[in-house]
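Student: No letters, just coordinates:
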């Protein structure tokens with residue numbers, strides 16, 4: 001009888017805890033302004049005066065590289081750097097390399113491609129990741145794996161500006177973590193990276209640093225509501241004091257997933273479906289210096305594919321997105337970029353610099369299988385305001 005009572009008490013405690021967590025999940029604020037209809041593709045606002053550049057054209061007949069994905073960008077000491085995953089073979093195989101380039105003229109022209117890391121061990125692959133320019137040092141945090149996307153982890157590299165080479169710092173986070181957005185410093189002194197935890201249901205996750213020790217990170221999985229399944233949880237975060245919003249790719253639906261933390265990312269509400277349609281691709285969000293929130297991906301009420309590439313924005317100081325602009329669609333705005341019908345524009349990355357938003361993304365040129373070129377759009381931030 002005593003044993004039964006203990007079981008009943010444990011079940012009651014679990015039920016109450018689950019109810020509190022689920023209630024917290026249900027009270028998560030919406031992503032899209034509830035009183036504003038989400039526009040269709042034809043109702044999206046086209047951006048004007050956008051500057052486009054090719055970062056890396058796909059030319060396997062010249063360099064042998066068949067696959068490219070995961071463009072990242074960062075400004076460091078007056079230069080614009082990019083990185084991406086590059087593979088002469090197929091996606092997520094042992095021949096993947098972390099590579100990049102640098103521009104001295106704001107992205108108009110780029111250097112020859114350099115290699116951040118390409119493992120000698122053919123079973124170890126380096127791929128795409130994120131950047132951080134901090135205290136005069138340029139860091140790269142790259143997703144790495146063994147074999148066919150096994151034992152995924154994050155490694156760190158520092159640019160040696162005397163030799164223009166990247167010094168490996170080793171494995172800094174394990175547990176399947178793959179970084180997806182630039183580290184953001186929180187008010188408690190720690191840095192946070194939105195990402196994906198590969199394995200099991202492939203949930204969204206974040207990595208949190210130990211202060212300014214960028215070689216030690218804790219990986220925290222985002223819990224999910226029971227109805228949220230079939231995930232590929234590539235995620236990005238918005239930081240507002242101790243309040244952190246995680247926006248994640250779904251797998252089952254063209255809908256953004258959302259979770260909130262109120263303690264600097266240590267615990268999270270159950271990840272649930274938001275009210276913002278978003279294609280199943282890696283999203284990227286940021287809070288601009290003017291207080292506007294942005295979300296770059298492909299969003300519209302009738303979105304079905306990775307075109308057009310869009311940017312959803314809030315008004316300054318508002319927590320919900322209320323307008324969606326088109327960055328580009330199937331037809332390239334200049335001859336040096338690729339066009340197709342349909343073309344797939346995906347895996348964006350966005351950074352603000354001197355009143356402009358620099359957006360890197362993949363363009364498959366209609367080929368599929370992420371046989372991408374790398375492109376960049378430069379958007380004057382004033383265009384995103386009313």
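Tutor: Ah, there it is. Nothing here was measured: the structure is a model prediction, and the numbers come from that model.
Student: and residue 154, what are its bridge partners?
Tutor: Bridge pairing for residue 154 (DSSP bridges) gives the partners residue 143, residue 173.
Student: Please report how far it lies from residue 143.
Tutor: 6 Å (CB to CB, to the nearest Å). No exception for glycine: its C-beta is placed from N, CA and C like everyone else's.
Student: which of those two has more neighbours?
Tutor: residue 143 (28 against 24; other CB atoms under 10 Å).
Student: Next up, the contacts around the more buried one.
Tutor: By CB atoms under 8 Å, 6 or more residues apart in numbering, residue 143 lies in contact with 70, 85, 126-129, 152-154, 178-179.
Student: before we move on, what about residue 29?
Tutor: 260, 319-320.
Student: In a strand, it, correct?
Tutor: No: Residue 29 is assigned coil when assessed by DSSP: H, G, I helix; E, B strand; the rest coil, not a strand.
Student: now the contacts of residue 29 in JSON lines, with distance to residue 41 and pLDDT?
Tutor: Formatted as JSON lines, those follow (distance: CB to CB, whole Å; pLDDT from 0 to 100):
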{"residue": "260", "distance to residue 41": "29", "pLDDT": "97"}
{"residue": "319", "distance to residue 41": "25", "pLDDT": "94"}
{"residue": "320", "distance to residue 41": "21", "pLDDT": "97"}
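Student: where along this protein do the helices fall?
Tutor: Shown for the chain, the helices assigned by DSSP state H span residues 2-26, 60-63.
Student: Give me the residues contacting the last one.
Tutor: For helix 60-63, contacts defined as CB under 8 Å, 6+ apart pick out 66, 88, 113.
Student: and with 6 Å instead?
Tutor: residue 66 (CB atoms under 6 Å, 6 or more residues apart in numbering).
Student: now that helix: mean pLDDT?
Tutor: For helix 60-63, mean pLDDT is 98.
Student: same thing with the first one?
Tutor: Computed over helix 2-26, the mean pLDDT rounds to 40.
Student: re earlier: keep only those of the contacts of residue 29 that are in strands.
Tutor: Among the contacts of residue 29, DSSP state E puts residue 260 in strands.
Student: now the contacts of residue 29 in JSON lines, with neighbour count and distance to residue 53?
Tutor: JSON lines is the format used below for the contacts of residue 29 (neighbours: other CB atoms under 10 Å; distance: CB to CB, whole Å):
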{"residue": "260", "neighbour count": "19", "distance to residue 53": "36"}
{"residue": "319", "neighbour count": "15", "distance to residue 53": "33"}
{"residue": "320", "neighbour count": "18", "distance to residue 53": "32"}
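Student: Make a markdown table from the contacts of residue 29 and add distance to residue 75 to it.
Tutor: Below are the contacts of residue 29 laid out as a markdown table (distance: CB to CB, whole Å):
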| residue | distance to residue 75 |
| --- | --- |
| 260 | 30 |
| 319 | 27 |
| 320 | 29 |
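Student: Can you tell me which of the contacts of residue 143 end up in strands?
Tutor: Short answer: those in strands (DSSP E) are 70, 85, 126-129, 152-154, 178-179.
Student: Show me which of the residues you listed is closest to residue 219.
Tutor: residue 154 (8.6 Å; CB to CB).
Student: which residue ranges form the strands in the stretch 251-386 of the chain?
Tutor: 255-261, 272-277, 284-287, 293-297, 309-313, 323-328, 345-353, 356-363, 373-380 (DSSP state E, counting those that start in this stretch).
Student: what's the answer for the stretch 101-250 of the chain, then?
Tutor: 114-117, 124-134, 137-146, 150-160, 165-173, 177-179, 184-185, 191-197, 204-210, 213-221, 235-240, 243-248.
Student: neighbours of the residue lying closest to residue 250 once chain neighbours are set aside, just the number please.
Tutor: Of all residues not flanking residue 250 in the chain, residue 257 sits nearest, at 5.4 Å (CB to CB, 6 or more residues apart in numbering). Using other CB under 10 Å, residue 257 is surrounded by 29 other residues.
Student: ok, residue 257 to residue 375 distance?
Tutor: 27 Å.
Student: Could you do residue 65 as well?
Tutor: For residue 65, the distance to residue 375 - CB to CB - is 16 Å.
Student: the more surrounded of these two?
Tutor: Legend: neighbour count by other CB under 10 Å for residue 65 and residue 375, higher for residue 375 (24 against 19).
Student: Buried residues of stretch 204-221, list them for me.
Tutor: For stretch 204-221, a neighbour-count test (16 or more other CB atoms under 10 Å) marks 204-209, 214, 217, 219-221 as buried.
Student: and which of those is nearest residue 148?
Tutor: Using CB to CB, these come closest to residue 148 at residue 205, 20.6 Å.
Student: Does that closest one touch residue 198 like I think?
Tutor: No: contact criterion CB atoms under 6 Å: residue 205 and residue 198 do not qualify, at 9.3 Å.
Student: Kindly state the beta-bridge partners for the residue nearest to residue 250.
Tutor: On the basis of DSSP bridges, residue 257 is bridged to residue 248, residue 273.
Student: Show the contacting residues for it.
Tutor: 248, 250, 271.
Student: Residue 191 now?
Tutor: 183, 185, 209.
Student: beta partners of it?
Tutor: Under the criterion used (DSSP bridges), residue 191 bridges to residue 185.
Student: Give me the distance from stretch 197-213 to the chain's centre.
Tutor: 13 Å (CA atoms, centre = their mean, to the nearest Å).
Student: Stretch 287-302 now?
Tutor: For stretch 287-302, the distance to the chain centre is 13 Å (CA atoms, centre = their mean).
Student: tell me the average confidence for it?
Tutor: On average, stretch 287-302 scores 98.
Student: Please identify the buried residues of that stretch?
Tutor: 287-288, 292-300.
Student: Turn those into CSV, including distance to residue 341.
Tutor: Below are those laid out as CSV (distance: CB to CB, whole Å):
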residue, distance to residue 341
287, 35
288, 33
292, 32
293, 32
294, 27
295, 26
296, 22
297, 20
298, 15
299, 20
300, 17
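Student: With respect to residue 76, which of the residues you listed is nearest?
Tutor: residue 288 (19.6 Å).
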